[in-house]
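K.L.:
I would like to see how this sequence folds:
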Amino acid sequence: MIGEGVLLASLDDPDITEILMVNRRLSPLRHPKLSELIVKDFTDIAAYSDQLTDYDG
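P.N.:
Numbering: from 1, shown residues only. Reported below is the predicted structural model:
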């Protein structure tokens with residue numbers, strides 16, 4: 001899948017220091033750069049706006 005390929009390439013890229021993965025459920029993938037935000041209902045993504053600030057991609 002394209003998203004997984006982008007994620008894996010981003011984890012390997014030394015210029016990328018932090019990645020926030022927004023998912024409906026926890027991922028088994030663990031990495032020091034990676035954190036997750038679990039959002040059960042993406043139609044309510046505005047409720048998570050505070051946690052989505054300071055990301056540029």
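K.L.:
Mind listing the residues bridging to Asn23?
P.N.:
Ile38 (DSSP bridges).
K.L.:
could you check the distance from it over to Ile16?
P.N.:
18 Å (C-beta to C-beta, to the nearest Å). C-beta: built from backbone N, CA, C; applies to glycine.
K.L.:
what does the worst-scoring helix or strand of the chain on mean pLDDT rub up against?
P.N.:
Across the helices and strands of the chain, mean pLDDT, DSSP states H and E gives its lowest value to helix 2-12, namely a mean of 92. Helix 2-12 is contacted from outside by 16, 19, 21, 29, 31, 33-34, using C-beta atoms under 8 Å, 6 or more residues apart in numbering.
K.L.:
Export stretch 47-57 to PDB, keeping only CA atoms.
P.N.:
Taking C-alpha atoms only, stretch 47-57 is exported to PDB below (Å, rounded to 0.1, in the frame of the first residue of the first chain):
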ATOM      1  CA  ALA A  47     -12.200  17.200  18.100                       C
ATOM      2  CA  TYR A  48      -8.500  16.300  17.800                       C
ATOM      3  CA  SER A  49      -7.300  19.700  16.400                       C
ATOM      4  CA  ASP A  50      -5.100  20.400  19.500                       C
ATOM      5  CA  GLN A  51      -3.200  17.200  18.900                       C
ATOM      6  CA  LEU A  52      -2.800  17.900  15.200                       C
ATOM      7  CA  THR A  53      -1.000  21.200  15.500                       C
ATOM      8  CA  ASP A  54       2.700  21.700  14.800                       C
ATOM      9  CA  TYR A  55       2.800  19.100  12.000                       C
ATOM     10  CA  ASP A  56       3.900  20.300   8.500                       C
ATOM     11  CA  GLY A  57       3.100  17.300   6.300                       C
END
